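Trainee: coords below, sequence missing:
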């Protein structure tokens, strides 16, 4: 995570230096030089981070070094964020020419209760102090032997084709399917071989299945030659070629060693000669490379074989299957709990007497649930339990969190680390934020991408707002391709995914990587204070209140939090005093979410959260109004008020939320109008639950003609107010980027959909739909005319 964060900081510093922002603070001596020194320090440290991230797994001192760096990086991020906010809204020397909004924000900053933080001298001094601490961190590179050339992970054990089939359980149907593809004689005209790929996350059993298929008697008899080649994460075409030749020519060890100095061209010629006219089966185990050129020359030699030849590939990446030109791709599913228990008990209950087996089996069945269908986890836990002799010891394993168990770190997470290190740096950061997912729950992809955006995982970009959406979807697909996420509900019409899900083991792996930065707490007793039990400083907290309990009046280390998610259902209570107390202290929050928050007000102190990017207030059935202080959240990008059914109006101050990208008031059934100032939020891309007056241009209420200002809108859902549509006003609307629109109509007008769209100047929008239920106005379904 540190590497991506440092990259983002470098972008911000470059922007401040290069875009002339410093002209606003030219009287501050040495500021420009401090920023440049900061950039140099960060650049030199960034070169060491890949090496440090790999070493931290086995070296706790390096982990502490990274923790120190991340702490400083987060402080830097906040300091630069504060500075840019002031510079963005601070009137220049010609204050009379400043915009109305700039003058208002400037006045706010002068009066702000934490104004000492925003004094330029204070921020400059802060950056100077950070630079000094970074100097100390950079000096420690020698102590920890960090280099700009990443230390390779210990060499992995090479896979072989040998397997004890008696220990293999399950996969009968998929084995039969793959063997059918291997033995089938049909192929395209002129095609010598076909490729079949087995795809799945680490530990799901791809290699074991490939071994079982390779050693199948019918398969062995069908092919003239069968070759097993372990490819691994470091692709070496010469090594693969040597492995193939060794098997084809049945070379002894000495002859194989003599090939070490043979050039690649000579190796390929030998392969061509050896497979000429032969029907072969080649298994390429554990392929990682996504570069189609890596196999280009080998593919030429493969075509020398006889028709009906087959290549069987195992890989963690779906993209590898496509690059290899697979005719069939088999995605391995997880095993059932019963099959996991079968694997586990063969190891754990080996050589136990009948009485002991009967005593331990009930606990073992529950432990098998923790495997979540992964045979590697079943084998690992089975081996761990093999040395546990009492029921109490088995129950301790049952009650342990997987990600905290050393045996799981060594045997299960190490294979996943290979996939993690293979991720691009920014995607690593996004993956770690997935630790905040609820286990085994489907999450809307738009919410995931919004969370990444709020925490700066999608880079620092003040330009085209469409770029972060595209980048977020690209990162989701990257995680899916490496089996870290499962994407669900693909929408072919819009070309996007609706939901994603993370396997429990992958979630545990994300928690292992973050080690306490993400915590989930359930308040089950009426404590006035809550202490966070974490190995590291907790930065992301999810709190659930049980029925009838009060939210703690104080939370330890709340000032370090970057996100807070509070759920209070079944009459849980959050007092205004408690809320005001921790909002005042949690000044670094970037994301705040409340679900079922049972209060009629949000305190004015919410306006002090200068860094806040995302504010979600869901299902508050008591709140009637938002505080005017909401208008002070100038960095806010996402405002979601879904299901606040008693909300009566939005304050006029929302017009100050100039960076707002998403505004959602879906199912706010008491809301009667939108303020006129919403038309000034020109960065809006999604506007859900809009209430728009269509019969006239109202001076105070948002009217149909005001949509003309929101040119970046992509998704819109709205309720029309007025008996007729003012065509002259609607002609102003030319939303060329609009992809989806949903309109709430009454029964009397539901039959005139085409007329309504034409009157609203929206006939060309690709996806349109009409609803009569206000609660459905934010939910998009099928496109019009489909």
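Mentor: All right, it came through fine. Every value quoted in this text rests on a predicted model; they were computed, and no experiment measured them.
Trainee: Residue 691 falls within a strand, correct?
Mentor: Yes: per DSSP: H, G, I helix; E, B strand; the rest coil, residue 691 lies within a strand segment.
Trainee: contacting residues around it?
Mentor: 665, 671-674, 702, 718-719, 721 (C-beta atoms under 8 Å, 6 or more residues apart in numbering). C-betas here are computed from N, CA, C, even on glycine.
Trainee: switch to 6 Å and redo it
Mentor: Contact partners of residue 691, counting by C-beta atoms under 6 Å, 6 or more residues apart in numbering, are 673-674, 719.
Trainee: Counting neighbours, what do you get for the nearest residue to residue 660 once chain neighbours are set aside?
Mentor: Excluding the flanking residues, the one nearest residue 660 by C-beta to C-beta, 6 or more residues apart in numbering is residue 681, at 5.0 Å. Residues near residue 681, counting by other C-beta atoms under 10 Å, number 21.
Trainee: how near is residue 681 to residue 616?
Mentor: Separation of residue 681 from residue 616 (C-beta to C-beta, to the nearest Å) stands at 17 Å.
Trainee: Likewise for residue 686?
Mentor: According to C-beta to C-beta, residue 686 and residue 616 sit 13 Å apart.
Trainee: Also residue 685?
Mentor: Using C-beta to C-beta, we find residue 685 at a distance of 17 Å from residue 616.
Trainee: Repeat that for residue 285.
Mentor: Distance, residue 285 to residue 616, using C-beta to C-beta: 45 Å.
Trainee: What are the boundaries of the helices in the stretch 251-400 of the chain?
Mentor: 253-257, 264-275, 296-302, 318-323, 337-348, 354-370, 375-385, 391-398 (DSSP state H, counting those that start in this stretch).
Trainee: what does the third one rub up against?
Mentor: Read that as helix 296-302. Contacts of helix 296-302 with the rest of the structure, by C-beta under 6 Å, 6+ apart, involve 193, 268, 271-272.
Trainee: now, among those residues, which is nearest to residue 467?
Mentor: Using C-beta to C-beta, residue 193 comes nearest to residue 467 of the contacts of helix 296-302, at 41.4 Å.
Trainee: Who's the closest spatial neighbour of the closest one, skipping the chain neighbours?
Mentor: Closest residue to residue 193 apart from its sequence neighbours, by C-beta to C-beta, 6+ apart: residue 309 at 3.9 Å.
Trainee: Any buried residues in stretch 395-410, and which?
Mentor: For stretch 395-410, the buried set under the neighbour-count rule, 16 or more other C-beta atoms under 10 Å, comprises 397-398, 402-403, 405, 408-409.
Trainee: Check the secondary structure at residue 498 for me.
Mentor: Here residue 498 is recorded as strand under three-state DSSP.
Trainee: Tell me the spacing between residue 459 and residue 652.
Mentor: Noted for residue 459: a distance of 33 Å to residue 652, by C-beta to C-beta.
Trainee: Same question for residue 483.
Mentor: Residue 483 is 49 Å from residue 652, by C-beta to C-beta.
Trainee: Neighbour count for the two, which is higher?
Mentor: Taking other C-beta under 10 Å, residue 483 and residue 652 do not tie; residue 483 has more neighbours (23 against 14).
Trainee: residue contacts, the more buried one?
Mentor: 201, 316.
Trainee: helix/strand/coil for it?
Mentor: The three-state label given to residue 483 by three-state DSSP is coil.
Trainee: same question, residue 724
Mentor: Assigned with three-state DSSP, residue 724 falls in the coil class.
Trainee: now the contacts of residue 691 as TSV including distance to residue 437?
Mentor: Listed next are the contacts of residue 691 as TSV, based on distance: C-beta to C-beta, whole Å:
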residue	distance to residue 437
673	37
674	33
719	33
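Trainee: still on that earlier bit, of residue 686 and residue 616, which one has the most company?
Mentor: Using other C-beta under 10 Å as the criterion, residue 686 and residue 616 rank with residue 686 on top: 22 against 19.
Trainee: State the distance from that one to residue 266.
Mentor: According to C-beta to C-beta, residue 686 and residue 266 sit 60 Å apart.
Trainee: In which helix or strand does residue 448 reside?
Mentor: Per DSSP states H and E: residue 448 is located in helix 445-454.
Trainee: on contacts alone, who are the packing partners of that helix?
Mentor: helix 466-481 (3 or more C-beta pairs under 6 Å, 6 or more residues apart in numbering; DSSP states H and E).
Trainee: What residues of the helix it packs on count as buried?
Mentor: 468-469, 471-473, 475-476, 478-481.
Trainee: Let me know the closest of these to residue 627.
Mentor: Of the buried residues of helix 466-481, the one sitting nearest to residue 627 (C-beta to C-beta) turns out to be residue 468, at 28.2 Å.
Trainee: and the closest residue to residue 314 other than its chain neighbours, what does it touch?
Mentor: In this structure, residue 314 finds its nearest non-sequential neighbour in residue 206, 4.1 Å apart by C-beta to C-beta, 6+ apart. With contact taken as C-beta under 6 Å, 6+ apart, residue 206 is in contact with 198, 200, 314.
Trainee: For residue 206, give me the pLDDT.
Mentor: pLDDT recorded at residue 206 is 93.
Trainee: Relative to residue 557, how far out is it?
Mentor: Distance from residue 206 to residue 557, counting by C-beta to C-beta: 42 Å.
Trainee: Repeat that for residue 390.
Mentor: 38 Å.
Trainee: Please say which of these two ends up with more neighbours.
Mentor: Legend: neighbour count by other C-beta under 10 Å for residue 390 and residue 557, higher for residue 557 (15 against 11).
Trainee: just to revisit the earlier point, from residue 280, how far off is the residue nearest to residue 314?
Mentor: Residue 206 sits 21 Å away from residue 280, going by C-beta to C-beta.
Trainee: what do you get for residue 57?
Mentor: Separation of residue 57 from residue 280 (C-beta to C-beta): 40 Å.
Trainee: Who has more neighbours out of these two?
Mentor: Legend: neighbour count by other C-beta under 10 Å for residue 57 and residue 280, higher for residue 280 (24 against 17).
Trainee: Next, the contact list for that one, please.
Mentor: Applying C-beta under 6 Å, 6+ apart to residue 280 gives the contacts 223, 225, 305, 309.
Trainee: Any idea how many residues pack against the second one?
Mentor: Residue 225 is flanked by 17 other residues according to other C-beta under 10 Å.
Trainee: next one: the third one
Mentor: Neighbour count of residue 305, defined by other C-beta under 10 Å: 26.
Trainee: pretty sure it is in contact with residue 277, am I right?
Mentor: No: using C-beta atoms under 6 Å, residue 305 is not in contact with residue 277; the gap is 7.3 Å.
Trainee: Among the contacts of helix 296-302, which one lies nearest to residue 345?
Mentor: Of all the contacts of helix 296-302, residue 193 has the smallest distance to residue 345: 41.0 Å, by C-beta to C-beta.
Trainee: if I look at the closest one, how far off is residue 312?
Mentor: Counting by C-beta to C-beta, the gap from residue 193 to residue 312 is 11 Å.
Trainee: Now the closest residue to residue 698 other than its chain neighbours, what are its backbone angles?
Mentor: Of all residues not flanking residue 698 in the chain, residue 676 sits nearest, at 7.3 Å (C-beta to C-beta, 6+ apart). Dihedral angles of residue 676 (phi, psi; degrees, to the nearest 10) stand at phi -60, psi -30.
Trainee: Could you do residue 182 as well?
Mentor: Taking degrees, to the nearest 10 as the convention, residue 182 sits at phi -70, psi -40.
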